[in-house]
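Asks: could you work out the structure for the sequence below:
(one chain, ligands or ions: 3)
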Amino acid sequence: MKKLIKNFFIFFVVFLLLAALFSSFSGSDEKIATVGIENMISTLNDGQVSSIVVRGDTLEVTLKDDTRENVRKETGESLSSLLANFNVASDKLADVKISVADESGWDYWLTTIVPFVLPVVLIGVFLFFMMRGLQNANSRAMSFGQSTAKDFRPDAKNRTTFKDVAGSKEAKEELQEIVEFLRFPKKFHELGAKIPRGVLLLGAPGTGKTLLARSVAGEAQVPFFHMSGSEFVEMFVGVGASRVRSLFDKAKHNAPCILFIDEIDAVGRKRGAGLGGSHDEREQTLNQILVEMDGFEPTQNIIVIAATNRPDVLDPALLRPGRFDRRVTIDLPDLNDREAILKVHVQKKPLAKDANLRTIAERTAGFSGADLANLLNEAAILAARNSKKEIVNEDMFEAIEKVMIGPERRSRVITDKEKQITAYHEAGHALVAHYLPNADPVHKISIISRGSAGGYTLKVPAEDRHMHAKSEFIDEIAVLLAGHLVERKIYGEVTTGATSDLRRATEIARRLVTDYGMSDNLGSRTYGEKEEMIFLGREIHEQRNYSEKVAERIDEEISGFIMQGEVKAVAIINEQKNALEKIVAVLLDKETIEREEFEKIVGAKPGANPDPVSAV
Ligand code: ADP
Ligand code: MG
Ligand code: ZN
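Replies: Ligands and ions are numbered 1, 2, ... in the order given. From the prediction side, this is the model:
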């Protein structure tokens, strides 16, 4: 558009120049007055005219006193008929020399041809440029359907290998097989083994799926084509499918190679799940992927790796044998893996000698690889901000909290009253967490506002756990409610500070009933179907598959679980009133309490039991 305006402007300027040139040309003769026809007739009748030269439509009249006048006549009318019309007596014309001049001079061409030709030429030029612009756009539109895959060559110097991926031992073992397929295909073909076509990497965000896919290519030393699911989908229907085709074509030309489709859930969702019929494009793209995967020969040595963190929404057709039939699940790293990941990422950072990555790993249960990388980066930034040369443990502790809850907001102005309420609230959480055997041990209590939280109590599980019992959930609910309950006990009323605590407690209680089958009254079943639907851009997650009556009972059960938690929490709060006051006093004085000091007040935790790291 800009270009068009620019072109137009240039034409305009050229046109003005030409017009100026043109007018200076035609006006280059001496100044001759142009007079009306009746004027000429009257001079004729007076007998003052000596000659008339007819030059096209112009009559060049020369008077007896040598003055010259121009007269324009109508086009096509001859001089004689003109004179006859005006009844000029023929005797008056006797001594007037009348001649017709030849019209082929410069003047003639300029005056007759240019006005017609110039606009045509200008329009022609204009059109030409416009067409050319269009053609460019066209060729851009043609390449629109091409894949925009980024490819990495195996000879790249900084190629990623399994060494860059810490932990994920099982996943790496599974993928090692893929590497073998790519490196020594013959070995497998000779035995009649079919090489798998598709591998699906499943795992929470940040667990290193993209990293692993890249490292497979690096290990196998084959080209690696990388495209994200969302890149297939454009505004226009059919583009996705044609991009898929071109991506697979590219892969076929470069076999053996790895074709990596990241975030495949963007195109690979269950078909027909969308309401409103706006998903043709996604479906076409998905169909094309399926067609292409069926299409290539098993001997072609192309392995398609796809990654997603939403395996539940994938279309079953994708998971069929012959497509993504290999599935590699990547879990959140456990303690040892976390330490290993930290070691990988700390390599280029100066770490103080007494820094202990093991303790950092211990405090970061539930962190993904990406979180850990982020943590070390934050720690480095903190160290740099304090003009330190090395990263010490404290920097990393601080970074953990920053990654988990958000940055400290010391500047937030809070009144003494608010500070006191926060202290009671957090002390309540900490106290209940401490005395409930199934809650995680308290690591730190703080009333410094951080992220959106007014204060926080940091609890860290003693070990990684993958299964949780009902009693743990009830205790967790009790801990979540504790802040709110203490506020009520001390002040007789509650503040808005507990909103997110209450929401989380309710969510846990709901899960107990609807997902985990932990309600004695409602039995061992789940309620509600987790179905992925997109309606008017909003995801509808749950579909009810139970009656109104059952819905009521679910609500009752949820309230029941909340009640259980509340009773437990209230009992502890009432029992430990002295400890509560002591903790509050220390908090108001120092703002934070670390585990050691906390345990000096309340004693060691009676019988610990773990849960993912959480802050309340
Ligand atoms: P995903 O694709 O699963 O969301 P990524 O592969 O993009 O996650 O990982 C993000 C970053 O996290 C990586 O670039 C890497 O720095 C770090 N990371 C994740 N997992 C690991 C791991 N196992 N070892 C080393 N770094 C990891
Ligand atoms: Mg990724
Ligand atoms: Zn709270």
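Asks: relative to Lys169, how far out is whatever residue of the chain ends up closest to ligand 1?
Replies: With C-beta to the nearest ligand atom as the measure, Gly369 is the residue of the chain nearest to ligand 1, at 2.1 Å. Using the backbone N, CA and C atoms, a C-beta is placed for each residue, glycine as well. As judged by C-beta to C-beta, to the nearest Å, Gly369 and Lys169 stand 14 Å apart.
Asks: these two: which has the busier surroundings?
Replies: With neighbours defined as other C-beta atoms under 10 Å, Gly369 and Lys169 compare such that Gly369 has more, 29 against 12.
Asks: ok, that one - contacts?
Replies: Each residue near Gly369 by C-beta atoms under 8 Å, 6 or more residues apart in numbering is listed here: 166-167, 206-208, 211, 333, 341.
Asks: now tabulate those in JSON lines and tack on neighbour count, distance to Leu16 and secondary structure.
Replies: As requested, these are exported to JSON lines (neighbours: other C-beta atoms under 10 Å; distance: C-beta to C-beta, whole Å; DSSP: H, G, I helix; E, B strand; the rest coil):
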{"residue": "Ala166", "neighbour count": "23", "distance to Leu16": "71", "secondary structure": "coil"}
{"residue": "Gly167", "neighbour count": "22", "distance to Leu16": "73", "secondary structure": "coil"}
{"residue": "Gly206", "neighbour count": "18", "distance to Leu16": "63", "secondary structure": "coil"}
{"residue": "Thr207", "neighbour count": "26", "distance to Leu16": "66", "secondary structure": "coil"}
{"residue": "Gly208", "neighbour count": "26", "distance to Leu16": "65", "secondary structure": "coil"}
{"residue": "Leu211", "neighbour count": "19", "distance to Leu16": "62", "secondary structure": "helix"}
{"residue": "Pro333", "neighbour count": "27", "distance to Leu16": "72", "secondary structure": "coil"}
{"residue": "Ile341", "neighbour count": "28", "distance to Leu16": "69", "secondary structure": "helix"}
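Asks: and Phe473, that one's in a helix?
Replies: Yes. Applying DSSP: H, G, I helix; E, B strand; the rest coil, one finds Phe473 inside a helix.
Asks: I figured it hits Ile508, correct?
Replies: Yes. Taking contacts as C-beta atoms under 8 Å, Phe473 lies within contact range of Ile508: 5.6 Å.
Asks: overlap in contacts of these two?
Replies: Phe561.
Asks: now the stretch 401-550 of the chain against ligand 3: closest residue?
Replies: Proximity of the stretch 401-550 of the chain to ligand 3 (C-beta to the ion) peaks at Gly483, 3.6 Å away.
Asks: quick one: mean pLDDT for the helix or strand harbouring that residue?
Replies: Assigned by DSSP states H and E, Gly483 belongs to helix 470-491. In this model, helix 470-491 has an average pLDDT of 93.
Asks: next, the buried residues of that helix.
Replies: Within helix 470-491, the residues that count as buried by 16 or more other C-beta atoms under 10 Å are 470, 472-490.
Asks: ok, Val460 - contacts?
Replies: Val460 touches 362-363, 365, 440-441, 443, 613, counting by C-beta under 8 Å, 6+ apart.
Asks: rewinding a little: is it correct that the residue of the stretch 401-550 of the chain closest to ligand 3 is in contact with Thr499?
Replies: No. With contact defined as C-beta under 8 Å, Gly483 and Thr499 do not form a contacting pair (10.7 Å).
Asks: measure Asp46 to Arg72 for me?
Replies: With C-beta to C-beta as the criterion, Asp46 and Arg72 are 21 Å apart.
Asks: okay, the closest residue to Ala89 other than its chain neighbours: pLDDT?
Replies: Nearest non-adjacent residue to Ala89, counting by C-beta to C-beta, 6 or more residues apart in numbering: Asn45, 7.6 Å away. In this model, Asn45 is scored at 82, pLDDT.
Asks: and Ala427, how many neighbours?
Replies: Neighbour count of Ala427, defined by other C-beta under 10 Å: 33.
Asks: same question, the one 3 residues further on
Replies: Other residues lying near Ala430 total 29 when counted by other C-beta under 10 Å.
Asks: list the contacts for Ala430?
Replies: 442, 445, 457, 583, 593, 598.
Asks: helix, strand or coil for it?
Replies: Assignment for Ala430 (three-state DSSP): helix.
Asks: and Ser387, by the same measure?
Replies: coil.
Asks: backbone dihedrals for it, please?
Replies: Dihedral pair for Ser387: phi 50, psi 40, per degrees, to the nearest 10.
Asks: is ligand 3 contacted by the helix or strand hosting Ala423?
Replies: Using DSSP H and E, Ala423 falls within helix 416-435. No. Helix 416-435 does not reach ligand 3 (C-beta under 5 Å from the ion); its nearest approach is 5.5 Å.
Asks: give the next helix or strand downstream of that helix.
Replies: strand 442-446.
Asks: note down every partner strand of the following helix or strand past that next one and its orientation.
Replies: Downstream of strand 442-446, the first helix or strand assigned by DSSP H and E is strand 456-459. Applying DSSP bridges, strand 456-459 is found paired with strand 442-446 (antiparallel), strand 614-615 (antiparallel).
Asks: and the ones you listed as CSV, adding mean pLDDT?
Replies: Output for the strands paired with strand 456-459, formatted as CSV (pLDDT from 0 to 100):
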stretch, mean pLDDT
strand 442-446, 90
strand 614-615, 56
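Asks: quick one, which of these is packed in tightest?
Replies: Mean neighbour count, computed with mean count of other C-beta atoms under 10 Å, is highest for strand 442-446 among these, reaching a mean of 24.
Asks: and ligand 3, is it touching that?
Replies: No. Under the criterion of C-beta under 5 Å from the ion, ligand 3 is not reached by strand 442-446; the shortest gap measures 10.9 Å.
Asks: ok, now which ones touch the closest residue to Lys209 other than its chain neighbours?
Replies: Leaving aside its chain neighbours, Lys209 sits nearest to Ala307 (3.9 Å; criterion: C-beta to C-beta, 6+ apart). Listed by C-beta under 8 Å, 6+ apart, the contact set of Ala307 reads 200-203, 209-210, 213, 260-264.
Asks: switch the contacts of Ala430 over to TSV; also include distance to Arg282.
Replies: Listed next are the contacts of Ala430 as TSV, based on distance: C-beta to C-beta, whole Å:
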residue	distance to Arg282
Val442	47
Ile445	48
Thr457	44
Ile583	54
Ile593	52
Phe598	52
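Asks: so how far is the first residue of stretch 47-65 from its last?
Replies: Using C-alpha to C-alpha, to the nearest Å, one end of stretch 47-65 lies 12 Å from the other.
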